[in-house]
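Student: Okay, predicted coordinates and the sequence, questions at the end:
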Amino acid sequence: MLEILYRDEFLVAINKPSGLLVHRSPIDRHETEFAVQILRDQIGQFVYPVHRLDKPTSGVLLFALDKESARLMGEQFMSRESKKSYIAVVRGYADESGVIEHALVEKLDKIADKSASKNREAQEATTEYETLATVELPFAVGKYDKTRYSLVKLHPLTGRKHQLRRHMKHISHHILGDTKYGRGEHNIFIRERFGCHRMLLHAQELQIRHPHTNEMLSIQAPLDDTFKAICKLFN
């Protein structure tokens, strides 16, 4: 059963758990459960995903309940009118705040994107961030006898594939639990020390304009128990 955060006759938003695919993908052929299918069965209605979250990312995921609402919301996301806020735990002490402007070449999947052009130019990509808290733990990870982490809020101003994960890697503040762009020794540490088997990136808030009423909506998703337990390290 998925946690429903918002629902009316046009839209429905859920709190997607980490590890759940949005829809069927040739990359994860072994997966049998998808947010689209679970939500459709749960509410007894066909649903149209209007944006994506990576499989390991949790948080606010929005669907439309009809094709016209899906089209209007798709246009809103394309025009960057919607606003997204994420919470993440990253390695090291991040600056108090900053803007990452680092162009990204679209990452193609060998299976899903095999027909796409391979000669793509880097696309502009911008992420704002602010550090909410920092912590130093008395455990040796890698070459240091203590380890430092930051709890950060991230605001992507563009919507490139894996943007937040790649941007945090670019400034050497890799997101914990990220097996693709993160640091293996830190991922092992949080698994073994804290029993954390997920990537610590959560889509906390989505601000949109309702496609039919023009009302501004702010949809927020609470953290799961694992993420909450890690946040307690930061008081």
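Tutor: Ah, there it is.

Student: ok, and for stretch 201-212, which residues are buried?
Tutor: By neighbour count on 16 or more other CB atoms under 10 Å, the buried set for stretch 201-212 is 201, 202, 203, 204, 205, 206, 208, 210, 211. C-beta here means a position set from N, CA and C on the backbone, and glycine is covered the same way.

Student: And for stretch 66-83?
Tutor: Buried-residue list, stretch 66-83, by 16+ other CB under 10 Å: 66, 69, 70, 72, 73, 74, 76, 77, 82.

Student: Wait, the first one touches residue 12, no?
Tutor: No: with contacts counted by CB atoms under 8 Å, residue 66 stays clear of residue 12, the gap being 11.2 Å.

Student: mind listing what the residue nearest the centre of the chain touches?
Tutor: Geometric centre of the chain, nearest residue: residue 57, 4.2 Å, by CA atoms, centre = their mean. For residue 57, the contact set (CB atoms under 8 Å, 6 or more residues apart in numbering) comprises 16, 18, 86, 199, 201, 202, 203.

Student: In strands, which of those residues fall?
Tutor: Among the contacts of residue 57, the residues falling in strands (DSSP state E) are 16, 86, 201, 202, 203.

Student: So which of the residues you listed is the closest to residue 96?
Tutor: Minimum distance to residue 96 across those is 17.6 Å, recorded for residue 86 (CB to CB).

Student: For the closest one, which non-adjacent residue is closest in space?
Tutor: Distances taken as CB to CB, 6 or more residues apart in numbering place residue 154 nearest to residue 86, at 4.3 Å, with adjacent residues excluded.

Student: Then the one you found would be within a helix, right?
Tutor: No: judged by DSSP: H, G, I helix; E, B strand; the rest coil, residue 154 forms no part of a helix; its state is strand.

Student: what ranges do the helices span in this structure?
Tutor: With DSSP state H, the ranges of helices along the chain come out as 35-43, 67-78, 163-170, 184-194, 225-231.

Student: Distance from the chain centre to the second one, please.
Tutor: If I follow you right, that is helix 67-78. Relative to its chain's centre, helix 67-78 lies at 20 Å (CA atoms, centre = their mean, to the nearest Å).

Student: Who are the packing partners of that helix?
Tutor: When contacts are defined as 3 or more CB pairs under 8 Å, 6 or more residues apart in numbering; DSSP states H and E, helix 67-78 packs onto strand 48-49, strand 58-64, strand 201-209.

Student: now do the same end-to-end measure for stretch 50-67.
Tutor: 10 Å (CA to CA, to the nearest Å).

Student: Report the buried residues of that stretch.
Tutor: Using 16+ other CB under 10 Å as the burial criterion, the residues of stretch 50-67 that qualify are 50-51, 53-66.

Student: quick one, longest strand in the protein?
Tutor: Under DSSP E, the chain gives strand 126-137 as its longest strand.

Student: partners of that one in the sheet?
Tutor: strand 97-101 (antiparallel), strand 147-156 (antiparallel) (DSSP bridges).

Student: Tell me which of the ones you listed sits most buried.
Tutor: Among the strands paired with strand 126-137, the stretch with the highest mean neighbour count (mean count of other CB atoms under 10 Å) is strand 147-156, at a mean of 20.

Student: got a list of contacts for that one?
Tutor: Contacts for strand 147-156 (CB under 8 Å, 6+ apart): 83-94, 126-137, 139-141, 163-164, 168, 173, 176, 186, 189, 204, 231, 233-234.

Student: Quick check on those: which are buried?
Tutor: Neighbour-count burial (16+ other CB under 10 Å) applied to those gives 84-92, 94, 126-127, 129, 131, 135, 141, 163-164, 168, 173, 176, 186, 189, 204, 231.

Student: I'm done for today, thanks for sticking with me.
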